[in-house]
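**Student:** just to be clear, the model below is a prediction. Sequence and coordinates:
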Amino acid sequence: MDSLWGYEADLERLAEQLCHHHQDAEDVAHGALVKAVTHLEGFRSEASLRTWLHRIAVNECAMLRRRPPALSIEALGPRTRDTSNPDPDEGPEEAALEADRRRAVLSALEQLPTREHLVVLLSVGRGLPADAVARRTGLSVPAVRSLLYRARRRIRAEVGQP
């Protein structure tokens, strides 16, 4: 059981990408570990322990997303524009347009169905190839590619890009 708690940081990173809020990510990671401990006898060893824990965390995030959203600045996501190294050729208008575009993409991402949202975060956010995403989510590689295609299409439509 002690080995389960060694996955807490990994689960927090995954949950933070899914939830976009540090406190929610901590709650999800902790909740996933508690569920894993209480249901350890149900672990069938068909997948790795890490994969099983990720699935529990994904389900916890999905349940959290079903709740009515709280309005907060954090809802825009933890990744903000890096202002420590501003582009010397970029004026305030370009910076404002870029910030608006990022907010629109984050908003569109938040409105995706859970599976599409997860596939985008794992493949684009973490840079994982389709086969790694498939292993982590329990989907087939063609299903991952299809979900990613649909998600990108939805985001483009929401943001107003062809």
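**Tutor:** The structure has been received and is ready for your questions. Not measured: the values here are computed from a predicted model. Numbering: from 1, shown residues only.
**Student:** what's near enough to touch the most centrally placed residue in the chain?
**Tutor:** In the chain, the residue lying closest to the centroid (C-alpha atoms, centre = their mean) is L18, at 2.7 Å. Residues near L18 by C-beta atoms under 8 Å, 6 or more residues apart in numbering: A25, V28, A57, V58, C61, H117, L118, L121. Where C-beta positions appear, they are placed from N, C-alpha and C, glycine not excepted.
**Student:** repeat that for R126.
**Tutor:** Q17.
**Student:** which of the contacts of L18 sits closest to S146?
**Tutor:** Nearest to S146 among those: L118, at 13.6 Å, using C-beta to C-beta.
**Student:** quick one: F43 and L139, what's the gap?
**Tutor:** Distance of F43 to L139, computed by C-beta to C-beta, to the nearest Å: 20 Å.
**Student:** more crowded one of the two?
**Tutor:** A direct count of neighbours by other C-beta atoms under 10 Å for F43 and L139 places L139 higher, at 18 against 12.
**Student:** the nearest residue to V124 once chain neighbours are set aside: which element?
**Tutor:** Of all residues not flanking V124 in the chain, L148 sits nearest, at 8.0 Å (C-beta to C-beta, 6 or more residues apart in numbering). Assigned by DSSP states H and E, L148 belongs to helix 141-159.
**Student:** tell me which strands and helices that helix is in contact with?
**Tutor:** helix 92-110, helix 114-120, helix 130-137 (3 or more C-beta pairs under 8 Å, 6 or more residues apart in numbering; DSSP states H and E).
**Student:** V120 is in contact with R153, isn't it?
**Tutor:** No: V120 lies out of contact with R153 (C-beta atoms under 8 Å); the separation is 11.5 Å.
**Student:** ok, those two, which is more surrounded?
**Tutor:** Using other C-beta under 10 Å as the criterion, V120 and R153 rank with V120 on top: 21 against 11.
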